[in-house]
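Q: All I have is the shape, not the residue letters:
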RNA sequence: GGAGGGGUGGCAGAGCGGUCAAAUGCAACGGACUGUAAAUCCGUCGACUUUAGUCUACGAAGGUUCAAAUCCUUCCCCCUCCA
C-alpha cells in the first residue's frame, strides 16, 4: 500500500515534508535497509550561528530531523562556526562586522538549545550529535583545499546554480566568499561522511544547490553516493514565508519570546493552513490530523487550539503550553486578564499617571505619540471600557480590587497592580 | 588603474534648490465586519508637544545659499564596461 519502503519516506510524504530527493529510490532503499537491520542511518542538518536562536522558519527541517530520529536514525546538527567567523555577506550593501569569539560562542549555545527542543542529544546509537565545521576548517590549508576540492568544481556549472544565477541577474553584489559557499558546504558533507558515515543531508529547498555540491563531491572524490532530501518552502495562503508575527520573528528559545506569544502565533494561523501546519508542526498521528482538518467554520478553532498547544508543547514543554492555553482562554473566552500577561506593579496608586505612559511601560507602544494615535483610533480599553481621551490619567476606580486591565487592540494586554 | 551609473524610511522605488518628514507599492499596525481566521473597506505608519509648531532624518564629513535629499569638495561603499 505504501509508496515507499522506509518508514521515514512514508512519513515525510504523508506529512507534506517531501519536496525533492537526489535519488528517491536509492535513499529509500538505504533507509529501509538501515531500519530493518536496526543500524541507524546518519543524516545532518546545517545552520550558521548568525543569531542566538532559531525561529519558526527553521522548524520544517528541524521536524524532519525529529522524525528521522524517531525512525531510529542518527541526526547530526552542524553549526557553521567557520562561515560565521568570516562573516556572511549575503544580500547586504555593507560587509557585516565579523562576529567576535564571545558572540559566536553565545550564538552556538543558543542554537544548541534550539536544536535540543526537537532532537534528543546524547551518546546513544541514534542520539543527536552537534558538530562545528570550524573543527575541520580552522587548520585547512588554502592551496591544499584548492587542489583537493577545487579541481572537482566547474565554474561554468556553478554559474548556472540558482543561488548564483539569481544574484547575478539581479545585479546584486556577490563576493568570492559567497561564491565559495557551496564548496565549503560540499566539503562539510564529505567530512561528515568520513567522520560519522553520514550519507544524508536534510534541509529546505533553497539549499538544493549546496546539497548537490556535496553529493557530487562525494561521488567524484570518495566514490560514494550521498543523499540530499529537501522540504518545500512553507508559505501561508498569501504565499508569504512563515515565521513572522507583528514584524518580529517567532523565536524558538524562551528568552527571546514568551510561550504565550509562541502559542498565539499558531493559534492565529489561517484556516487554509490548519491541516498543513498540524502535519508539519505537531507530532499528532495522521488520523487525528485528518479528523481535525475536516472541521468547518467555527469548529476549526478547536483544531487551531490543538495545533497551538501541540506546537508549543514540542518547543516549550507541556507545562508552558498548558499555561499559554489557559491564558488565552482567560483573555479571549472569559475576558479576564491572564496570569501570564505583563503587569505593572505599583506600590501605591499614582493619581498623575498618563495612560500613554502606562502603555509605554507595558511595552505595548514605543512612543507617546504612538499611544495617542492608538487612543485616537479607538484601540485602547481599560477594563473593557473604551478610552477616548488622549490625555487620560489612570483613575482610582479603574483599579478593581487593586487591578486594572489595559488592552491595546484585540490581542495585546497588560495590567496594573497595586502591591500594597 | 580608466570610463560611466548609483547609495533615499522595514523592503522595493520616486524626488534632483524651497510647496519634502519625503510620491507610490509591499510589509506592518489600529478600526469596522467576523470565528483571536481569510477576504473586503476605512485609517495610521520619525520623535516631542499639539493641531500650530519644534527637533532629528535622504552613505560620511565639510562647503555654497535666505533656503539643500536635491548644487560643490573630499572620503567610504556598490554596479556595469574597459585595462
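A: Structure's in. What do you need? This is a predicted model, so every value here is computed, not measured. Residues are numbered from 1 along each chain as shown, chains lettered A, B, ... in the order given.

Q: Could I get the full set of helices for the stretch 1-150 of chain A?
A: A:7-15, A:24-37, A:59-70, A:81-86, A:101-118, A:134-137, A:142-148 (DSSP state H, counting those that start in this stretch).

Q: Repeat that for the stretch 201-350 of chain A.
A: With DSSP H, counting those that start in this stretch as the criterion, the stretch 201-350 of chain A has helices spanning A:208-217, A:259-267, A:274-281, A:286-293, A:300-316, A:318-328.

Q: by how many degrees do the last one and helix A:300-316 diverge?
A: Yep, that's helix A:318-328 we're talking about. On the basis of axes from the mean of the first three to the mean of the last three CA atoms, to 10 degrees, helix A:318-328 is oriented at 140 degrees to helix A:300-316.

Q: Straight-line length of stretch A:125-132, end to end?
A: With CA to CA, to the nearest Å as the measure, stretch A:125-132 spans 20 Å from end to end.

Q: what residues does the stretch 301-420 of chain A put near RNA strand B?
A: A:301, A:304-305, A:328-329, A:331-333, A:366-370, A:372-374, A:377-379, A:390, A:408-412 (CB under 7 Å from any atom of the strand). C-betas here are computed from N, CA, C, even on glycine.

Q: now the residues you listed: which count as buried?
A: In terms of neighbour count (16 or more other CB atoms under 10 Å), the buried residues within those are A:304, A:305, A:328, A:331, A:372, A:374, A:379, A:390, A:408, A:412.

Q: Would you mind giving the residues you listed as JSON lines with distance to residue A:342 and pLDDT added?
A: What follows is those, written out as JSON lines (distance: CB to CB, whole Å; pLDDT from 0 to 100):
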{"residue": "A:304", "distance to residue A:342": "24", "pLDDT": "91"}
{"residue": "A:305", "distance to residue A:342": "23", "pLDDT": "92"}
{"residue": "A:328", "distance to residue A:342": "15", "pLDDT": "86"}
{"residue": "A:331", "distance to residue A:342": "12", "pLDDT": "78"}
{"residue": "A:372", "distance to residue A:342": "21", "pLDDT": "92"}
{"residue": "A:374", "distance to residue A:342": "17", "pLDDT": "92"}
{"residue": "A:379", "distance to residue A:342": "18", "pLDDT": "91"}
{"residue": "A:390", "distance to residue A:342": "23", "pLDDT": "88"}
{"residue": "A:408", "distance to residue A:342": "12", "pLDDT": "89"}
{"residue": "A:412", "distance to residue A:342": "10", "pLDDT": "84"}
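
Q: would you list those in a markdown table and tack on distance to residue A:11?
A: Below are those laid out as a markdown table (distance: CB to CB, whole Å):
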| residue | distance to residue A:11 |
| --- | --- |
| A:304 | 23 |
| A:305 | 25 |
| A:328 | 30 |
| A:331 | 36 |
| A:372 | 53 |
| A:374 | 46 |
| A:379 | 45 |
| A:390 | 56 |
| A:408 | 42 |
| A:412 | 38 |
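
Q: And those residues, which two are furthest apart?
A: Taking CB to CB as the measure, those span a maximum distance of 36.9 Å, between A:305 and A:390.

Q: what's the domain layout of chain A?
A: Domain ranges of chain A: A:7-231, A:258-333, A:343-418, per automatic domain parsing.

Q: want to try JSON lines for these, with distance to residue A:251 as columns?
A: Output for the domains of chain A, formatted as JSON lines (distance: least, CB to CB, whole Å):
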{"stretch": "domain A:7-231", "distance to residue A:251": "5"}
{"stretch": "domain A:258-333", "distance to residue A:251": "8"}
{"stretch": "domain A:343-418", "distance to residue A:251": "16"}
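
Q: which one of those domains lies closest to residue A:252?
A: domain A:7-231 (4.4 Å).

Q: Span of the closest one from start to end?
A: 17 Å.

Q: What of stretch A:385-395?
A: 13 Å.

Q: That one: how far from the chain's middle?
A: Distance, stretch centre to chain centre, for stretch A:385-395: 39 Å (CA atoms, centre = their mean, to the nearest Å).

Q: go on, stretch A:259-268?
A: Per CA atoms, centre = their mean, the centroid offset for stretch A:259-268 relative to its chain is 13 Å.

Q: What are the buried residues along it?
A: Under 16+ other CB under 10 Å, the buried positions of stretch A:259-268 are A:259, A:260, A:261, A:262, A:263, A:264, A:265, A:266, A:267.

Q: Include distance to residue A:34 and pLDDT when you put the residues you listed into CSV, please.
A: Shown next, in CSV, are those (distance: CB to CB, whole Å; pLDDT from 0 to 100):
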residue, distance to residue A:34, pLDDT
A:259, 36, 86
A:260, 41, 85
A:261, 39, 83
A:262, 34, 87
A:263, 36, 89
A:264, 40, 86
A:265, 36, 85
A:266, 33, 88
A:267, 38, 89
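
Q: near RNA strand B, which of those show up?
A: Near RNA strand B, by the rule CB under 7 Å from any atom of the strand, you find A:264, A:267 out of the buried residues of stretch A:259-268.

Q: so who does residue A:38 touch?
A: Counting by CB atoms under 8 Å, 6 or more residues apart in numbering, residue A:38 touches residue A:72.

Q: swap that for residue A:325, please
A: A:263, A:305, A:308, A:309, A:312.

Q: ok, the residues you listed vs RNA strand B, which is closest?
A: Nearest to RNA strand B among the contacts of residue A:325: residue A:305, at 6.7 Å, using CB to the nearest atom of the strand.

Q: before we move on, back to that, now for the helices of the stretch 1-150 of chain A, which one comes closest to residue A:271?
A: Nearest of the helices of the stretch 1-150 of chain A (CB to CB): helix A:7-15, 19.2 Å.

Q: Give the buried residues for that closest one.
A: A:7, A:8, A:9, A:10, A:11, A:12, A:15.

Q: Give me the mean pLDDT for that helix.
A: Helix A:7-15 shows a mean pLDDT of 93.

Q: Can you find the helix or strand in chain A with the smallest mean pLDDT?
A: strand A:244-245 (a mean of 50; mean pLDDT, DSSP states H and E).

Q: what's the distance between the closest residue to residue A:3 other than its chain neighbours and residue A:392?
A: Excluding its sequence neighbours, the residue lying closest to residue A:3 (CB to CB, 6 or more residues apart in numbering) is residue A:13, at 6.5 Å. From residue A:13 across to residue A:392, the span is 57 Å (CB to CB, to the nearest Å).
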